[in-house]
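[1] no FASTA, just this:
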């Protein structure tokens, strides 16, 4: 329910705050007083197309705020949750929109900045405008299918179609993916076979790269080291001549020391003998160590070439497959897994195609059942709307629901559009193309009476009484009043009969001074309503007879 409307600097309205109630509310006033500004402001707040032409002359910014009270089971709450809009329990929903003179627009829901698109999506669920200013109601053919589903209470069948469509789309995507994988698999198979065979032949070992690099560095220095060691062996005398000379020297010193005995000279010679003995022993040890080292560096011919060939082969493979030598085994395992997947993709594809065929059959059956239900509901809706037309002075008009095949979607396979003929002998055609503004509003009223109780949106009828009077206007008023028992209804009207049927009434008037023109909107009480309805009956001069007639209309309403 729309609980309040706050307008600032919109066209001729400088400042306006309205409190609105349930039931039927009539907006009345002289032609040109500014009734359309109320509708424009509501449209602005609920996301309808708006431009800076709505900005009041001399103002920097226009703003419109609409407050709604939602039922706990309102589908709008789901939309709010999906958009991550917070709403406390018991809190009214506030839609706000501002327009600046530079053309910029800002939108808010519960003071949270949102896109105008989201504002329009929420506003479209909360508000329906029918008639002269209808930009989102019956003028939009995409709403016709939704209205038919509302009338037929097709929610369960529609949910089944939507679920089946989701499954169908998901499985179609899987089939497409598997078909792409199958095509790629055939082109990849030869590469994978070759790559796996190549890596199997190479058979890289753990840490082999580092070990081979160390051996390569050793072997690259081995040849020079061996030459140096051989020179050292030559210098030390490989034939033992050096040791022989040391032994000869030692023997001579021992003979002299023996002759000298325990003299000081003998002691000195004793030290010399000990030094020669140590030199002889260490020379033998050094020769053995150098020989052992030489044996270490004496490698088999061609070993360096073999190591380099292996190392270069490993590194070339690593570059080829975009990794390092340590990662080659992981690459090989990945290739093996891909090859394994190729062998199973055909089985997966066959299973996916079978599942898709089943989902296609389920969707087709669900969509056909929904279409059949819609066809039956369309006949009932057409019959009920046709019954409502004669009292609305449209006894010669015809109404029908036109079906055409549409693309498969979550809404089914039907393309629905309301068709009408407003004059005898004229062919049926789209309602949104044929009906005039007043006719559109009356068709909307007839449809909404047929749908009574199936929506909680606020309904606004703009000059639904256009071109009618007397009994027809009274019939319009009664139907609006009936409709307001199950939904909040607002009507912009020039008809006293329609205004008399309302639960609430606002008088819209325009005043001017030397510099400014303003539109004001005020709620009127019972006695004021009687005077306003009398004015609507009598015109400029209100008579007692007009007041009596107004009382009679209000009593009948």
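    All right, it came through fine. Keep in mind it's a predicted model, so treat the numbers as computed, not measured.
[2] from the chain's centre, how far out does stretch 376-394 sit?
    41 Å (Cα atoms, centre = their mean, to the nearest Å).
[3] what residues sit buried inside it?
    For stretch 376-394, the neighbour count (16 or more other Cβ atoms under 10 Å) marks 377-378, 381-382, 384-386, 388-389, 391-394 as buried. Just so you know, the C-beta spots here come from the backbone N, C-alpha and C atoms, and that holds for glycine as well.
[4] how about stretch 430-440?
    Buried, per 16+ other Cβ under 10 Å, within stretch 430-440: 431, 432, 434, 435, 437, 438, 439, 440.
[5] before we move on, the earlier item: which pair of the buried residues of stretch 376-394 spans the longest distance?
    Within the buried residues of stretch 376-394, 377 and 393 form the most distant pair, 26.8 Å apart (Cβ to Cβ).
[6] measure residue 194 to residue 201 for me?
    As defined by Cβ to Cβ, to the nearest Å, residue 194 lies at a distance of 11 Å from residue 201.
[7] please disregard the earlier target; I meant residue 526.
    From residue 526 over to residue 201 the distance is 102 Å, taken as Cβ to Cβ.
[8] quick one on the thing from earlier: helices - which of the buried residues of stretch 376-394 land there?
    Members of the buried residues of stretch 376-394 lying in helices (criterion: DSSP state H): 377, 378, 381, 382, 384, 385, 386, 388.
[9] got the domain ranges for the protein?
    Listed domain ranges for the chain are 2-153+389-523, 185-340 (source: automatic domain parsing).
[10] packed most tightly, which of those would that be?
    Most buried of those by mean neighbour count (mean count of other Cβ atoms under 10 Å) is domain 2-153+389-523; its value is a mean of 19.
[11] measure that domain end to end?
    End-to-end span of domain 2-153+389-523 (Cα to Cα, to the nearest Å): 16 Å.
[12] now do the phi/psi pair for residue 22.
    Phi and psi for residue 22, reported as degrees, to the nearest 10, are phi -70, psi 170.
[13] residues contacting it?
    For residue 22, the contact set (Cβ atoms under 8 Å, 6 or more residues apart in numbering) comprises 1, 484, 488, 503.
[14] find the nearest non-adjacent residue to residue 20, please.
    Nearest non-adjacent residue to residue 20, counting by Cβ to Cβ, 6 or more residues apart in numbering: residue 2, 5.2 Å away.
[15] paired strands for the longest strand belonging to the chain, with orientation please.
    Determined from DSSP state E, the single longest strand within the chain is strand 398-409. Each strand paired with strand 398-409, and its direction, by DSSP bridges: strand 412-421 (antiparallel).
[16] run the chain-centre distance for the strand it pairs with.
    30 Å.
[17] and after that strand, which helix or strand comes next?
    Next helix or strand after strand 412-421 toward the C-terminus (DSSP states H and E): strand 429-430.
[18] circling back: could you export the contacts of residue 22 as a markdown table, including pLDDT?
    Compiled in a markdown table, the contacts of residue 22 are given as follows (pLDDT from 0 to 100):
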| residue | pLDDT |
| --- | --- |
| 1 | 91 |
| 484 | 89 |
| 488 | 92 |
| 503 | 93 |
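[19] low pLDDT regions in this protein?
    131-137, 218-242, 266, 290-302, 453-454, 467-468, 556-557 (pLDDT under 70).
[20] what helix or strand is the residue located most distally from the centre of it on?
    Ranked by distance from the centre of the chain (Cα atoms, centre = their mean), the top residue is residue 259, with 114.3 Å. Following DSSP H and E, one finds residue 259 within helix 241-260.
[21] now for the very next helix or strand once past that helix, which elements pack on it?
    Toward the C-terminus, helix 241-260 is succeeded by helix 264-296 as the next helix or strand (DSSP H and E). Counting contacts by 3 or more Cβ pairs under 8 Å, 6 or more residues apart in numbering; DSSP states H and E, helix 264-296 is packed against helix 208-236, helix 241-260.
[22] is residue 465 in a helix, a strand, or coil?
    The three-state label given to residue 465 by DSSP: H, G, I helix; E, B strand; the rest coil is coil.
[23] distance check, it against residue 483.
    Counting by Cβ to Cβ, the gap from residue 465 to residue 483 is 14 Å.
[24] what does residue 8 give?
    From residue 8 over to residue 483 the distance is 31 Å, taken as Cβ to Cβ.
[25] likewise for residue 411?
    For residue 411, the distance to residue 483 (Cβ to Cβ) stands at 26 Å.
[26] and what of residue 321?
    Distance from residue 321 to residue 483, by Cβ to Cβ: 74 Å.
[27] try residue 323
    If you measure residue 323 against residue 483 using Cβ to Cβ, the figure is 74 Å.
[28] over to residue 18?
    21 Å.
[29] cool, and residue 433?
    Taking Cβ to Cβ, one finds residue 433 at 25 Å from residue 483.
[30] same thing with residue 93?
    Distance of residue 93 to residue 483, computed by Cβ to Cβ: 22 Å.
[31] again, but for residue 526
    Noted for residue 526: a distance of 23 Å to residue 483, by Cβ to Cβ.
[32] check residue 279 too.
    From residue 279 to residue 483 the distance is 128 Å (Cβ to Cβ).
[33] now residue 434
    Here residue 434 is placed at a distance of 24 Å from residue 483 (Cβ to Cβ).
[34] neighbours around the residue nearest to residue 348 when sequence neighbours are not counted, how many?
    Excluding the flanking residues, the one nearest residue 348 by Cβ to Cβ, 6+ apart is residue 178, at 5.6 Å. Neighbour count for residue 178, taken as other Cβ atoms under 10 Å: 20.
[35] need the contact list for residue 178.
    For residue 178, the contacting residues are 345, 348, 349, 352, by Cβ under 8 Å, 6+ apart.
[36] please, which helix or strand holds it?
    Using DSSP H and E, residue 178 falls within helix 155-202.
[37] off-centre distance for that helix?
    24 Å.
[38] quick check: angle from that helix to strand 398-409?
    With axes from the mean of the first three to the mean of the last three Cα atoms, to 10 degrees defining the directions, helix 155-202 sits at 20 degrees from strand 398-409.
[39] buried residues of the strand or helix carrying residue 530, list them for me.
    For residue 530, the host element (DSSP H and E) is helix 526-538. For helix 526-538, a neighbour-count test (16+ other Cβ under 10 Å) marks 529, 530, 532, 533, 534, 535, 536, 537, 538 as buried.
[40] just list whatever residues bridge to the closest residue to the first one other than its chain neighbours.
    Nearest in space to residue 529, with sequence neighbours left out and distances taken as Cβ to Cβ, 6+ apart, is residue 505 at 5.1 Å. Residue 505 has these beta-bridge partners by DSSP bridges: residue 26.
[41] does residue 505 touch residue 29 like I think?
    No: with contact defined as Cβ atoms under 8 Å, residue 505 does not reach residue 29; the gap is 10.3 Å.
[42] any idea how far stretch 53-72 is from the chain center?
    Stretch 53-72 sits 29 Å away from the centroid of its parent chain (Cα atoms, centre = their mean).
[43] ends of that stretch, how far apart?
    37 Å.
[44] ok, the residue lying closest to residue 249 once chain neighbours are set aside - contacts?
    Leaving aside its sequence neighbours, residue 249 sits nearest to residue 276 (Cβ to Cβ, 6+ apart; 6.0 Å). Going by Cβ under 8 Å, 6+ apart, residue 276 touches 246, 249, 250, 253.
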